[in-house]
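**Student:** Sequence first, then the predicted structure:
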Amino acid sequence: MSSEVTSKRADALRRALDDHNHRYYVLDDPSVSDAEYDALFRELSDLEAAHPELQTPDSPTQRVGAAPLGQFEAVTHAVPMLSLGNAFDADELADFDRQVSERLDASETITYVAEPKLDGLAVSLRYEHGVFVQGATRGDGKTGENVTQNLKTIRSLPLRLRGENPPAVLEVRGEVFMSLAAFQANNERLLAADQKPFVNPRNAAAGGLRQLDSKKTAERQLSIFCYSLGEVSDDAEVPSTQYDLFAWLQAFGFPTNGETKRCQGHAQCYAFYEALSAKRATLPYEIDGVVFKVDELRLQKELGQRSRAPRWAIAQKFPAEEVTTTLQAIEWQVGRTGALTPVARLQPVFVGGVTVTNATLHNIDEIERKDVRVDDTVVVRRAGDVIPEVARVVLEDRSKNSKKTELPTTCPVCGSDVKRADGDVVARCTGALTCDAQRREGIKHFASRRAMDVDGLGNKLVEQLVDEGLIQSYADLFTLTAEQLVQLPRMAEKSANNLIAAISTAKDTTLARFVFALGVREVGETTASSLADHFGSLEALMNASIEELEAVNDVGPVAATSVHDFFNQQANVDAVMSMMDAGVTFPTPLESAADAVEQTLEGHTYVLTGTLADGLTRDEAKAMLQQLGAKVSGSVSKKTTGLIAGEKAGSKLTKAESLGVPVLDDADLQALLAPLKR
């Protein structure tokens, strides 16, 4: 066979296989048998193996996976991938519709497009002259990861656009997901191989898309639905409405969701939401709500966007899923402050995409209010689709053998007395550092990132150190040696040396961090910072009276008493002095004053939400704002100066907009922090 004939045959095979893929995976209308398809695929594979120069990026043979990557490359989105604001009831959806109408000064009912909100992973697909050249994850909206090879394994995704004269550049946005059938098949495969099954389809899809070995991605049988555009060259004849955009994408070969519908006004939108909610359990994939978009693309452009979300779209989330199961036992967990928290042990049940075996009962008052008993049939809800909780008891199904639960009089861990102060909903173990549970949790808190920030000292390692008797208090951390650590299971010499170095580094801290790390009740980061700023030295803080402590901004009578009592217990004083003797240091007041900056934000209160840009954490931004004199609160109120909203801003953003609180973006934050960079 001549080279020209071979090239034409390879091209014909690619087009035939591409057509068969489209008919099978997108149209659900196969035109050949599996055996015929396999024969064509083998022929193309053999041709490309014999003539490597014939292999093209859009060849169907590229779907089986390429050589493993060392790491993902960063991809900057030409058009940012925006997040969506959320509505949680009919009133919030009506408010969204009203705001859209007011901004457009519209006298007629607004037309929207309703789309199922898939529980998957957003991606961007870039085509140049009809060929798929790059795929990226959403990332922070501005920069994602290059997952091109992994996306090629999705059979329904076109590697070459269908039709004639495709645009020079066409960037399409979509959602990668795992169908319920693929989820079941994958878990059957894993269980047969004696491997841990996937927890839910979304995690399985997200993990599959981020495999460095695309052959592993191919095994997961991922799917995709496409719904919007990113960068598009001027030669593209883009339709004028969101609804017509779906047909336009379908003509190029993209799979789209068939449940999409046009709706007039918020009433029809909510009716669609209720109808899809009722249909949710019958869909072959998981969804967690409905997305509503203004239909006319011209109006979308006119409405524009907030800092990170468009003003022309909103996601109406479904309420937390609820299921019934049997409550088999109630156990009490002890936290670092001695608080006893009841936990329900449940007959395993699948809810909200995960298998749940435990759920919170909050406190004894909640148990009594809901009349929760062992052996009850209970309704379990994943609050916000995250935290499982016992919502209520199915009283009509109550067993005669059900048993009431009472608050323990002694600690289930150490046997110390349990006491509950008048008016306090929380009961506490009085064992303090003699209680293993409090000691473990206290040390975990002490070493945590926001406290002493001991890099590499995770929760499991803390438990090992306590179990082995190597540490009994915070101060014991600073006397550990590498020789002791290497005796621990799976602790290599290098890891031991790294941890000792990290502990040594952590000694150089700040007074605010140190006070927070001590785990004093009622003393969070903000209070610790206020105490450090007010007293300036550890000695002054330790010797302060309750009246002097109450004089500190943001420190009330309860916190003042707690701090005073802590530093008036000799065991605590001894522990603090031991840490000072071990080399824990922080800047003196004179050193701190040398670094002082003008308090340009004094009297202002800010709230941080979402993921900030440039790798800046909320903790870091909070500390910098406080350095400039600002107060940083955890909740939005009418007194809030501004909400600084990063990526994936949630309910705080909605509340700020409803209260008329200014919403600031990353650029605004950098402007506020500018005095620190002078």
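**Tutor:** It's in.
**Student:** mind listing the helices in the stretch 351-500 of the chain by residue range?
**Tutor:** Secondary structure of the stretch 351-500 of the chain (DSSP state H, counting those that start in this stretch): helices located at 364-370, 436-447, 459-467, 482-485, 493-506.
**Student:** Could you export those to JSON lines, including columns for distance to Ala540 and mean pLDDT?
**Tutor:** C-beta here means a position set from N, CA and C on the backbone, and glycine is covered the same way. JSON lines is the format used below for the helices of the stretch 351-500 of the chain (distance: least, C-beta to C-beta, whole Å; pLDDT from 0 to 100):
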{"stretch": "helix 364-370", "distance to Ala540": "39", "mean pLDDT": "91"}
{"stretch": "helix 436-447", "distance to Ala540": "22", "mean pLDDT": "89"}
{"stretch": "helix 459-467", "distance to Ala540": "31", "mean pLDDT": "89"}
{"stretch": "helix 482-485", "distance to Ala540": "36", "mean pLDDT": "93"}
{"stretch": "helix 493-506", "distance to Ala540": "23", "mean pLDDT": "93"}
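**Student:** between those helices, which one is nearest to Glu522?
**Tutor:** Proximity to Glu522 (C-beta to C-beta) singles out helix 436-447 among these, at 14.1 Å.
**Student:** Just name whatever secondary elements that closest one is in contact with.
**Tutor:** strand 322-334, helix 459-467 (3 or more C-beta pairs under 8 Å, 6 or more residues apart in numbering; DSSP states H and E).
**Student:** ok, back up a step: of all the helices of the stretch 351-500 of the chain, which one is nearest Gln627?
**Tutor:** helix 493-506 (21.0 Å).
**Student:** Can you add mean neighbour count and distance to Val486 and give the helices and strands packed on helix 436-447 back as CSV?
**Tutor:** As requested, these are exported to CSV (neighbours: other C-beta atoms under 10 Å; distance: least, C-beta to C-beta, whole Å):
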stretch, mean neighbour count, distance to Val486
strand 322-334, 17, 31
helix 459-467, 16, 13
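**Student:** Check Asp385 and give its pLDDT.
**Tutor:** Each residue has a pLDDT score; the one for Asp385 is 50.
**Student:** should've said Met1
**Tutor:** According to the prediction, Met1 has pLDDT 57.
**Student:** if we can go back for a sec, dump the helices of the stretch 351-500 of the chain to CSV, plus distance to Val356.
**Tutor:** Rendered in CSV, the data for those read as follows (distance: least, C-beta to C-beta, whole Å):
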stretch, distance to Val356
helix 364-370, 17
helix 436-447, 23
helix 459-467, 21
helix 482-485, 36
helix 493-506, 34
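**Student:** Please identify the deepest-packed of those helices.
**Tutor:** Highest mean neighbour count among the helices of the stretch 351-500 of the chain (mean count of other C-beta atoms under 10 Å): helix 436-447, with a mean of 22.
**Student:** if we can go back for a sec, TSV for the helices and strands packed on helix 436-447, including distance to Ala437?
**Tutor:** TSV is the format used below for these (distance: least, C-beta to C-beta, whole Å):
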stretch	distance to Ala437
strand 322-334	4
helix 459-467	10
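**Student:** Quick one, which of the ones you listed gets closest to Thr409.
**Tutor:** In terms of C-beta to C-beta, the element of the helices and strands packed on helix 436-447 nearest to Thr409 is strand 322-334, at 11.4 Å.
**Student:** partners of that closest one, with directions?
**Tutor:** In the sheet containing strand 322-334, its partner strands are strand 340-351 (antiparallel), strand 377-383 (antiparallel), by DSSP bridges.
**Student:** Now do the strands in the stretch 51-200 of the chain.
**Tutor:** With strands called from DSSP state E, counting those that start in this stretch, the stretch 51-200 of the chain shows them at 74-76, 85-87, 111-118, 121-128, 131-137, 143-145, 169-177.
**Student:** Let me have these in CSV, extended by mean pLDDT, mean neighbour count and distance to Leu470.
**Tutor:** Formatted as CSV, those follow (pLDDT from 0 to 100; neighbours: other C-beta atoms under 10 Å; distance: least, C-beta to C-beta, whole Å):
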stretch, mean pLDDT, mean neighbour count, distance to Leu470
strand 74-76, 89, 14, 41
strand 85-87, 85, 22, 47
strand 111-118, 96, 24, 48
strand 121-128, 95, 22, 42
strand 131-137, 93, 20, 42
strand 143-145, 88, 19, 40
strand 169-177, 96, 23, 46
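**Student:** among the ones you listed, which is nearest Val426?
**Tutor:** Proximity to Val426, assessed across these by C-beta to C-beta, is greatest for strand 85-87 (31.4 Å).
**Student:** Just give the strands next to the closest one in its sheet, each with its orientation.
**Tutor:** Using DSSP bridges, the strands paired with strand 85-87 in its sheet are strand 313-317 (parallel).
**Student:** okay, the angle between the partner strand and strand 111-118?
**Tutor:** Computed by axes from the mean of the first three to the mean of the last three C-alpha atoms, to 10 degrees, the angle separating strand 313-317 from strand 111-118 equals 50 degrees.
**Student:** average pLDDT across strand 313-317?
**Tutor:** pLDDT averaged over strand 313-317 equals 92, rounded to a whole number.
**Student:** How far does it sit from its chain's centre?
**Tutor:** If you compare the mean C-alpha spot of strand 313-317 with that of the full chain, they lie 18 Å apart, counting by C-alpha atoms, centre = their mean, to the nearest Å.
**Student:** Can I get it as CSV, trimmed to CA atoms?
**Tutor:** Provided in CSV are the C-alpha atoms of strand 313-317 (Å, rounded to 0.1, in the frame of the first residue of the first chain):
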residue,chain,number,x,y,z
ALA,A,313,-27.2,33.4,36.5
ILE,A,314,-27.9,31.7,39.8
ALA,A,315,-27.9,28.1,41.1
GLN,A,316,-30.9,26.9,43.1
LYS,A,317,-29.6,24.1,45.3
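**Student:** Residues touching that strand, excluding its own?
**Tutor:** Strand 313-317 is touched from outside by 84-88, 92-93, 96, 117, 269-270, 273, 288-294, 300, with contacts defined as C-beta atoms under 8 Å, 6 or more residues apart in numbering.
**Student:** circling back: nearest to Lys655, out of the helices and strands packed on helix 436-447?
**Tutor:** For those, the distance to Lys655 is smallest for strand 322-334, at 25.5 Å, taking C-beta to C-beta.
**Student:** neighbouring contacts of the closest one?
**Tutor:** Strand 322-334 is contacted by residues 340-351, 356, 361, 367, 372-381, 390-391, 394, 405, 408, 411-413, 429, 435, 437-438, 441 when judged by C-beta under 8 Å, 6+ apart.
**Student:** repeat for stretch 411-430
**Tutor:** With C-beta under 8 Å, 6+ apart as the criterion, stretch 411-430 contacts 331-332, 334, 337-340, 363-365, 407-410, 431, 434-438.
**Student:** What residues sit buried inside that stretch?
**Tutor:** Judged by neighbour count (16 or more other C-beta atoms under 10 Å), stretch 411-430 contains these buried residues: Cys411, Val413, Cys414, Ser416, Val418, Val426, Ala427, Arg428, Cys429.
**Student:** between those, which is nearest Asp476?
**Tutor:** Proximity to Asp476 was ranked across the buried residues of stretch 411-430 by C-beta to C-beta; first place goes to Cys414, at 18.2 Å.
**Student:** Next one: the closest one relative to Gly431, how far apart?
**Tutor:** Cys414 sits 4 Å away from Gly431, going by C-beta to C-beta, to the nearest Å.
**Student:** Among the contacts of strand 322-334, name the buried ones.
**Tutor:** Judged by neighbour count, with 16+ other C-beta under 10 Å as the criterion, the buried members of these are 340-344, 346, 349, 351, 356, 361, 367, 372-374, 376-378, 380-381, 390-391, 405, 408, 411, 413, 429, 435, 437-438, 441.
**Student:** Quick check: Val462 touching Ile443?
**Tutor:** Yes. The pair formed by Val462 and Ile443 meets the contact definition of C-beta atoms under 8 Å, at 5.1 Å.
**Student:** residues shared between the contacts of those two?
**Tutor:** Overlap of the contact sets of Val462 and Ile443 (by C-beta under 8 Å, 6+ apart) consists of Ile471.
**Student:** How about the contacts made by Pro348?
**Tutor:** Listed by C-beta under 8 Å, 6+ apart, the contact set of Pro348 reads Thr325, Thr355, Val356, Thr357.
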